[in-house]
Each structure stands twice: as structure tokens, then as C-alpha cells.
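S.K.: With the sequence up front, the predicted model follows.
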Amino acid sequence: MKANQFTDPIKDLAESGKLAGLLLILSTVLSISLANSVRAESYLGIWHMEIGFDFLHESVLHWINDGLMAIFFFMIGLEIKREIQDGELAVKEKAILPVLAALGGMLFPAIIFFLFNSGSKEHLNGWAIPTATDIAFSLGILSLLGKRAPLSLKIFLTALAIIDDLGAIVIIATFYTHNLHFGMLGIALLFVLVLFALNRFKVKYLFLYLIPALGLWYFILRSGVHPTIAGVLAAIFIPKEMAHKLELSLHRPVNYYILPLFALANTAIPLVFDGSMLFNGLTAGIICGLLIGKPLGITLFSWIGVKTKISTLPAGTSWKQLAGTGLLAGIGFTMSIFIAGLSYKEPAILDVSKLSILAGSTLSALCGMGVLYFLGKKKHVS
């Protein structure tokens, strides 16, 4: 049984998203409610309270976004590594469709966002917001459909979301890095070399990898590159056998504690805005990017792959089901909110972008679930 978990953990991940998705929903509802209650001032103050040490003093919000989320990205790095070595991305024929779908699912939302915001330099920096997919939330919604969603469709969405996360990592490293400090980056590189040496000499003690990983995180933070990149870099050098066990052990704390805590901290949004701010290019770009751009790009690029015979549809699925899955990929939620935090520093703009993400993700979830439920029911009756 354990051997099966290690050789094919993507199926376990695809089946285990119900509670994670529910916790994210509850955390969001609770956070927005508290942020607009009589206790709003004290609640918001929690996230902006500064804690730390003389050499590193940050707000609780920054500790969550820069620290705990590095653990999330570390798990993502382990997932990407495993998929390339043993999973859906290890076999060329299986890898092509989710890769193409993910590319289309990132390209079209960015284009739609640009079309709505090309005239606003203030908003344009958030072009990557609707390109993201929340893997826990999207799989959680898909899992609620039970047998109406074939396992092959769940595996496809999982692989697509993992590739999407890889794209998000590249985007963050490339477009959301400012004021580089090359001295700090050079020290960070030394820690990368230490991790490489540990891997090269097949060191099997996890703590010996975690110590340089912490150093890597700190100096990347100081270099100007977003520190969550350190999580991905460290994951690359974890030995294969150790990586499988570590990935499985991280699923619960990440999905049940870190991501809900991230949702609590980042959706504390006071619902007081100038009406004009709620109906502008930023709002339309994010909502339409998630709700329209995601399924359009995923379906079109998948169709091109199948028609050119370089890929095939997941077993036992139809084009309508794939389009419905594309809608679920429009649940950007935590990943989109994370990118929004890197895109905007003006609180009013950031809050509007977060509300737009919640609206777009909710609509995508409802539409995707409705489409797949109807198709599954219809197929079952026939």
C-alpha cells in the first residue's frame, strides 16, 4: 500500500481535497466577517503587528506570506519534481495535454486582463493575477462531484494545476523581483551549492538539508527576490526517496493549517469602497480572466494538441467535461491573492483586486461544478 502511495501519489492528492477546500471557504468567510464587524480594528491589527528578531522584524502578515508560504512552495517544488520523475509529466504522451492546457490557461487570462487594463499603468502590474489556479480549492470542488467526475479528469486537473504553479513560480521570479542586492544573492547561491553537494553525496539526513534551506530562504529574502522561491529551489535537491515521504507528510499541515491561515490573513478586507473602484478594468480583467480566459485557453490549447495528434483527451472524458474542468481551473483564490499582494502596494487597489479574485473564483467554481454535475448526471441516466 505504501509503495502505491509513493509511485502514484497524484491520485491520492486528487482525492483528498474536500476538507482543504472547505477550510479555505470557512477561513475566507470568517475573515471577511471579522474585518467588517465591530471588532474590525483589533482583528486587522493582529495581521499588522510586528514580531521577530533584531535581524528580521516583520508583520504577522509578512511572516505568513514570506515565511509559511515558502513551505507551501517547497511542497509545490516536491510535487513538480515527483511529477517529472515518476508521475504524469514523466511520460511524454501523458505530459503534453496538461502542459498545453496550462500554457493556454495562463496565456488567455493575461491577454484578457491586458485588454481591460492596457490604458492604466497603475493596474497593469497585476496581469498575472488571473493566470493562477488554486490547486487545493479546485480539486476540493471537483472531489465534491464524486463519481460524476472521472478519475482521469481529476488527474488531468491535478497535473494542470501543478504545471500552473510552476508557471507562477517563474512569473514571480521573473516579473516580481525588484531592487536586487547581488551580494545577498551571491550568499544565497553558496547555500544552493551546499544543497547540491548534499544531494550529490547522497546524504540521507533531512535536517542537514533544512539548515542550508533556511539560510537560502533568509538571503533570498534579503536579496530582493521573493523568498518563496527558496522553497522551490530547496525542494529540487531533496533526494528522491526522502522527497516522496516529505511531500506526503506536508500535505496535511499545508492544506489544513498554512493555506487556511493565509486565507484568514489575506482576505481581511473592509467592504468600504468608492463604487467606481468596484466596476473598472481591474475588476473586469480579473473576473473575466478567471471565468472566461482560463477555460477558453485550456480548451483551445487542448483542442489544438488533440487535433494535431500530439496528445489525447483523458480516458473516458468529453470535450464538454474538459471545458468544465477548465472552469474549475479558474478558481485562482490563494495563488491569485498571493500574486495580487506582489502586484499592488496601495491598500484600496489591493482590496479591490482581492474581492475581484473572490468573485471570479466563486463564479468559476459554481459554473464548473454545475457543468460537470449536469454532464455526469446525464451520462449516468443514459
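M.R.: Right, received. Where do you want to start?
S.K.: For the helix or strand that contains residue 324, which helices and strands make contact with it?
M.R.: Following DSSP states H and E, one finds residue 324 within helix 319-328. Packing contacts for helix 319-328, counted by 3 or more C-beta pairs under 8 Å, 6 or more residues apart in numbering; DSSP states H and E, involve helix 135-143, helix 151-175, helix 294-307, helix 347-381. Any C-beta I mention is one placed from the backbone N, CA and C, and that applies to glycine too.
S.K.: for the stretch 1-150 of the chain, what are the low-confidence residue spans?
M.R.: Scanning the stretch 1-150 of the chain for pLDDT under 70 picks out 1-18, 88.
S.K.: Tell me where it has helices.
M.R.: Here the stretch 1-150 of the chain has its helices, by DSSP state H, counting those that start in this stretch, at 2-7, 9-15, 18-35, 40-48, 60-62, 69-85, 92-117, 121-124, 135-143.
S.K.: Compare those helices and report which one is nearest to residue 227.
M.R.: Closest of the helices of the stretch 1-150 of the chain to residue 227 is helix 69-85, at 5.6 Å (criterion: C-beta to C-beta).
S.K.: So which bits of the closest one are buried?
M.R.: If you call a residue buried by 16 or more other C-beta atoms under 10 Å, then helix 69-85 has these buried ones: 69-83.
S.K.: Convert that helix to CSV, retaining C-alpha atoms only.
M.R.: Extracted in CSV, the C-alpha atoms of helix 69-85 (Å, rounded to 0.1, in the frame of the first residue of the first chain):
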residue,chain,number,x,y,z
MET,A,69,4.1,30.3,2.1
ALA,A,70,7.7,29.3,1.4
ILE,A,71,6.8,25.9,3.0
PHE,A,72,3.8,25.8,0.6
PHE,A,73,6.1,26.4,-2.4
PHE,A,74,8.5,23.9,-1.0
MET,A,75,5.7,21.3,-1.2
ILE,A,76,4.9,22.5,-4.7
GLY,A,77,8.6,22.0,-5.7
LEU,A,78,8.4,18.5,-4.4
GLU,A,79,5.3,17.8,-6.4
ILE,A,80,6.8,19.2,-9.6
LYS,A,81,10.0,17.1,-9.0
ARG,A,82,7.9,13.9,-8.4
GLU,A,83,5.7,14.5,-11.4
ILE,A,84,8.7,15.0,-13.7
GLN,A,85,10.5,11.8,-12.3
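S.K.: Show me what that helix is packed against.
M.R.: Using 3+ C-beta pairs under 8 Å, 6+ apart, helix 69-85 sits against helix 9-15, helix 151-175, helix 228-236, helix 240-253, helix 259-266.
S.K.: Which of those helices sits closest to residue 87?
M.R.: helix 9-15 (5.2 Å).
S.K.: any idea how far residue 66 is from the most centrally placed residue in the chain?
M.R.: The C-alpha lying nearest the average C-alpha coordinate of the chain belongs to residue 335 (C-alpha atoms, centre = their mean; 3.9 Å). Using C-beta to C-beta, to the nearest Å, residue 335 is found at 15 Å from residue 66.
S.K.: closest to residue 211 out of the helices and strands packed on helix 319-328?
M.R.: Short answer: helix 151-175, nearest of the helices and strands packed on helix 319-328 by C-beta to C-beta, at 23.0 Å.
S.K.: Could you point out the helix or strand that follows that closest one?
M.R.: helix 182-200.
S.K.: After that following helix, which helix or strand is next?
M.R.: Following helix 182-200 toward the C-terminus (DSSP H and E): helix 206-223.
S.K.: Pull that next one out as PDB, backbone CA atoms only.
M.R.: The C-alpha trace of helix 206-223 is given here as PDB (Å, rounded to 0.1, in the frame of the first residue of the first chain):
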ATOM      1  CA  LEU A 206      16.800  15.600   6.400                       C
ATOM      2  CA  PHE A 207      18.000  18.200   9.000                       C
ATOM      3  CA  LEU A 208      21.200  18.600   7.100                       C
ATOM      4  CA  TYR A 209      19.100  19.800   4.100                       C
ATOM      5  CA  LEU A 210      16.800  22.000   6.200                       C
ATOM      6  CA  ILE A 211      19.700  24.000   7.700                       C
ATOM      7  CA  PRO A 212      21.100  25.400   4.400                       C
ATOM      8  CA  ALA A 213      17.500  25.700   3.200                       C
ATOM      9  CA  LEU A 214      16.800  28.200   6.000                       C
ATOM     10  CA  GLY A 215      19.900  30.100   5.100                       C
ATOM     11  CA  LEU A 216      18.800  30.100   1.400                       C
ATOM     12  CA  TRP A 217      15.400  31.500   2.400                       C
ATOM     13  CA  TYR A 218      16.900  34.300   4.600                       C
ATOM     14  CA  PHE A 219      19.400  35.500   2.000                       C
ATOM     15  CA  ILE A 220      16.900  35.300  -0.900                       C
ATOM     16  CA  LEU A 221      14.600  37.400   1.300                       C
ATOM     17  CA  ARG A 222      17.400  40.000   1.700                       C
ATOM     18  CA  SER A 223      18.300  39.900  -2.000                       C
END
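S.K.: quick revisit: turn the helices and strands packed on helix 69-85 into a markdown table, including distance to residue 43.
M.R.: As requested, the helices and strands packed on helix 69-85 are exported to a markdown table (distance: least, C-beta to C-beta, whole Å):
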| stretch | distance to residue 43 |
| --- | --- |
| helix 9-15 | 33 |
| helix 151-175 | 28 |
| helix 228-236 | 25 |
| helix 240-253 | 24 |
| helix 259-266 | 10 |
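S.K.: doesn't residue 311 make contact with residue 93?
M.R.: Yes. The criterion here is C-beta atoms under 8 Å, and residue 93 meets it with residue 311 at 7.2 Å.
S.K.: So between those two, which is more surrounded?
M.R.: residue 311 (22 against 9; other C-beta atoms under 10 Å).
S.K.: Let me know the distance separating the closest residue to residue 215 other than its chain neighbours from residue 209.
M.R.: Spatial nearest neighbour of residue 215, excluding adjacent residues (C-beta to C-beta, 6 or more residues apart in numbering): residue 191 at 4.5 Å. Distance, residue 191 to residue 209, using C-beta to C-beta: 11 Å.
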